[in-house]
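Colleague: Build me a model:
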Amino acid sequence: MPDPASTRDRANDPRGLLQRVMEFLHPGPDSKSELIETLAEAEQRELIEPESRQMLEGVLRMAELSAGDVMVAAPRMDLLDIDAPYDEVLAAVIDTGHSRFPVFEGNRDNIIGILLAKDLLKLQRSPELNLRTLLRPAVFVPESKALNALLRDFRTNRNHLAVVIDEFGNLAGLVTIEDVLEEIVGEIEDEFDERGSEGVGGLYTLADGSQRVAGDAAISDVNAAFGLHLPEDDFDTIGGWVAHEHGRVPRRGETVELAGLRFHVMLTRGGAVRWFKVTRGEPPAPAP
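Modeller: Modelled structure (predicted):
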């Protein structure tokens, strides 16, 4: 005898019989990887646009990332010294073009607050003010902080920057809301980003003469641009070659010197380097 409860559940099910049969014959994805494959199939069938698929995949992959995966490492952070003269602080703000700066006192690990660049205008109007009075509280998060939770905190607390600390409470880096959003929508450029000439094969010449090189750029294109002879048979992309020679995928903010070139990691995404800034390394000192 059928269970009355199950009969009522089927009667109240808003799905039609045909829909339930189709779901039985073609069940939905059971894992995140299957869901990503489903999105790829939807793009191939032109049900969604490529940009939409990339954003949806970014949302799914972001759940696996932490603040430590996307942060700017501490050695690469642009910091301001609370005791520096005003002219020096202003010059640093202009040169870097950031809108927010961690401020330290004594040593770089001692972050005492965040300075908004626009707040420096208050010192122009009221010179009697002290730089310390303009600081805003710094938000500290552990390296293990999940990106989706960090984005929720950014939205709730209206903060755009967080200082990242390691398991021992030491300064590890910083992460901004832009870093988090780039994991979803891709690289975000603003008026302060360096703009280069038209690129060929994922290589772009920047204003300072260096090259911005995509992690998936072909090694042959890098060889042609820099006059090198990097192996082209074992690796397809420059990112794969750098990771192999370095022993691991370098993190954002790291600089790796290989084959006479300096590879500075500008952006990572999904466990791979998205962009390098590549310059020629310093020539070896002549033997005495």
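Colleague: Give the bridge partners for residue 113, please.
Modeller: residue 103 (DSSP bridges).
Colleague: Just list the residues touching it, thanks.
Modeller: 102-103, 132, 135-138 (CB atoms under 8 Å, 6 or more residues apart in numbering). Where C-beta positions appear, they are placed from N, C-alpha and C, glycine not excepted.
Colleague: Could you rerun that using 6 Å?
Modeller: Residue 113 makes contacts with 103, 135-136, 138, as judged by CB atoms under 6 Å, 6 or more residues apart in numbering.
Colleague: Mind jotting down where the helices sit in the stretch 101-250 of the chain?
Modeller: Assigned helices in the stretch 101-250 of the chain, in chain order: 120-125, 147-157, 177-185, 219-226, 238-246 (criterion: DSSP state H, counting those that start in this stretch).
Colleague: Determine which stretch of those is the most buried.
Modeller: Mean neighbour count, computed with mean count of other CB atoms under 10 Å, is highest for helix 238-246 among the helices of the stretch 101-250 of the chain, reaching a mean of 19.
Colleague: Which other helices and strands does that one contact?
Modeller: Using 3 or more CB pairs under 6 Å, 6 or more residues apart in numbering; DSSP states H and E, no helix or strand is in contact with helix 238-246.
Colleague: Tell me which residues are up against that helix.
Modeller: 215, 217, 219, 222, 235, 249, 256, 258, 263, 272-273.
Colleague: hey, where'd the strands end up in the stretch 151-288 of the chain?
Modeller: For the stretch 151-288 of the chain, applying DSSP state E, counting those that start in this stretch gives strands covering 161-165, 171-176, 203-205, 211-214, 255-258, 261-269, 272-280.
Colleague: Okay, now the sheet partners of the first one, with direction.
Modeller: Taking DSSP bridges as the criterion, strand 161-165 pairs within the sheet with strand 140-142 (parallel), strand 171-176 (antiparallel).
Colleague: cool, the fourth one as well?
Modeller: For strand 211-214, sheet partners with direction are given as strand 203-205 (antiparallel), strand 272-280 (antiparallel), following DSSP bridges.
Colleague: of the ones you listed, which approaches residue 124 most closely?
Modeller: Comparison of the strands paired with strand 211-214 against residue 124 by CB to CB identifies strand 272-280 as nearest, at 33.4 Å.
Colleague: How much space separates residue 175 from residue 159?
Modeller: Going from residue 175 to residue 159 by CB to CB, to the nearest Å gives 11 Å.
Colleague: Let me have the helices of the stretch 101-250 of the chain in a markdown table, adding distance to residue 165 and mean pLDDT as columns.
Modeller: Below are the helices of the stretch 101-250 of the chain laid out as a markdown table (distance: least, CB to CB, whole Å; pLDDT from 0 to 100):
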| stretch | distance to residue 165 | mean pLDDT |
| --- | --- | --- |
| helix 120-125 | 27 | 83 |
| helix 147-157 | 13 | 90 |
| helix 177-185 | 16 | 79 |
| helix 219-226 | 36 | 90 |
| helix 238-246 | 25 | 92 |
